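> show me how the following folds:
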Amino acid sequence: MSGGVRLYAAGSLRTALTEVGTAFEEKSGTAVQGTFGASGLLRERIEKGEGAEVFASANMEHPQALERAGKAGRVRLFARNRLCALSREEFSSGQFLDRLLDPSVKVGTSTPKADPSGDYAFELFAKAEKLRPGARSALEKKALKLTGGPDSPQSPKGRSLYAMLVGDGKADVFLLYCTAAAEARQENPALRIVTIPEPLAVGADYGLTVVKGATADAQRFADFILSAAGQTILVKHGFARGEDR
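Numbering: from 1, shown residues only. Now for the predicted structure:
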């Protein structure tokens, strides 16, 4: 097939699945052409008929919506991630909620519904309500939705958008995937990664599906992501292994 397998995948998977695609090409001779972005926006593009063949989402819901609509096959859990905080200043997990609620602290998130990362951040806000009444409303109101939307800024090639946003002071604390936090700190070692305390912790299940009408090469690539070789690469980039359901 001209152009190779057409992969649409969550932005948080860019580095890992680019490497998986390279490994697949070396093994099979078939290239992988990746398009990366917010999972919800990619799902909408697939629904409108764009030519994706493999869809790798940062949640299970978006690919399951395509499956229910008859536009894609069975959804498989292929990786796991967690939510972390990226900060300009050091603070402990025990100070986490106080820090987020401080009126002077700018809290950055991605855009809910368009990007699962934003949904996971707002799930954290809901958990905060159980610890401190009123926290959910306060956090939802102050959250700055800086990424993941249709008009959100894009990072220059090879740069971490989160490192730029936090480093430039657009947010003092950004709620994001732990894998993305690690990439941001690699770019800017002055930034700090804060582990979210267990009562507020949020995990992310990543779902994979093959779009109806895709080539046999696309199915083989999806299987390769779930193979030992593909999973090893994902783990190397900070993801936990997926388990097929």
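> helices along this structure, start to end?
Secondary structure of the chain (DSSP state H): helices at 14-28, 39-47, 61-68, 96-101, 116-131, 135-142, 161-167, 178-187, 216-226, 228-236.
> of all these, which lies closest to A201?
If you check each of the helices of the chain against A201 by Cβ to Cβ, helix 116-131 wins as the nearest, at 8.1 Å. In this view, the C-beta of every residue, glycine as well, is placed from N, C-alpha and C.
> in the chain, where is pLDDT below threshold?
The chain contains residues with pLDDT under 70 at 1-3, 243-245.
> ok, back up a step: quick one: the helices of the chain as CSV, columns for mean neighbour count and distance to R76 too.
Formatted as CSV, these follow (neighbours: other Cβ atoms under 10 Å; distance: least, Cβ to Cβ, whole Å):
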stretch, mean neighbour count, distance to R76
helix 14-28, 18, 15
helix 39-47, 21, 15
helix 61-68, 19, 9
helix 96-101, 18, 33
helix 116-131, 20, 16
helix 135-142, 16, 32
helix 161-167, 22, 28
helix 178-187, 20, 19
helix 216-226, 19, 6
helix 228-236, 16, 12
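> tabulate those helices (TSV), appending distance to L7.
Formatted as TSV, the helices of the chain follow (distance: least, Cβ to Cβ, whole Å):
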stretch	distance to L7
helix 14-28	7
helix 39-47	10
helix 61-68	13
helix 96-101	35
helix 116-131	17
helix 135-142	33
helix 161-167	20
helix 178-187	18
helix 216-226	7
helix 228-236	12
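> with respect to R82, which of those helices lies nearest?
helix 178-187 (4.8 Å).
> rewinding a little: closest to D151 out of the helices of the chain?
Checking those against D151 by Cβ to Cβ gives helix 39-47 as the closest, at 10.8 Å.
> just give me how far the closest one sits from the chain centre.
14 Å (Cα atoms, centre = their mean, to the nearest Å).
> packing partners of it?
The helices and strands touching helix 39-47, judged by 3 or more Cβ pairs under 8 Å, 6 or more residues apart in numbering; DSSP states H and E, are strand 5-10, strand 54-57, helix 61-68.
> show me what the shortest one is packed up against.
Pointing back at strand 54-57 there. If you count contacts as 3+ Cβ pairs under 8 Å, 6+ apart, strand 54-57 packs onto strand 5-10, helix 39-47, helix 61-68, strand 203-210, helix 216-226.
> apply 6 Å and report the result again.
strand 5-10, strand 203-210, helix 216-226 (3 or more Cβ pairs under 6 Å, 6 or more residues apart in numbering; DSSP states H and E).
> returning to that earlier point: how about the helices of the chain, which one is nearest G207?
Between G207 and those, the tightest spacing by Cβ to Cβ is seen for helix 61-68, at 4.2 Å.
> can I get the CA coordinates of that closest one in CSV?
Extracted C-alpha coordinates of helix 61-68, given in CSV (Å, rounded to 0.1, in the frame of the first residue of the first chain):
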residue,chain,number,x,y,z
GLU,A,61,-14.1,5.3,25.3
HIS,A,62,-13.1,6.9,22.0
PRO,A,63,-12.2,3.7,20.1
GLN,A,64,-15.2,1.9,21.7
ALA,A,65,-17.5,4.7,20.3
LEU,A,66,-16.1,3.8,16.8
GLU,A,67,-16.7,0.1,17.5
ARG,A,68,-20.3,0.7,18.6
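> which residues touch it?
By Cβ atoms under 6 Å, 6 or more residues apart in numbering, the surrounding residues in contact with helix 61-68 are 39-40, 43, 55, 57, 72, 75, 207, 209.
> at 7 Å what do you get?
Helix 61-68 is contacted by residues 39-40, 43, 46, 55, 57, 72-75, 207-209 when judged by Cβ atoms under 7 Å, 6 or more residues apart in numbering.
> in this structure, which strand has the most residues?
strand 76-87 (DSSP state E).
> may I have the strands that pair with that one, each with its orientation?
strand 173-177 (antiparallel), strand 192-194 (antiparallel), strand 203-210 (antiparallel), strand 240-241 (antiparallel) (DSSP bridges).
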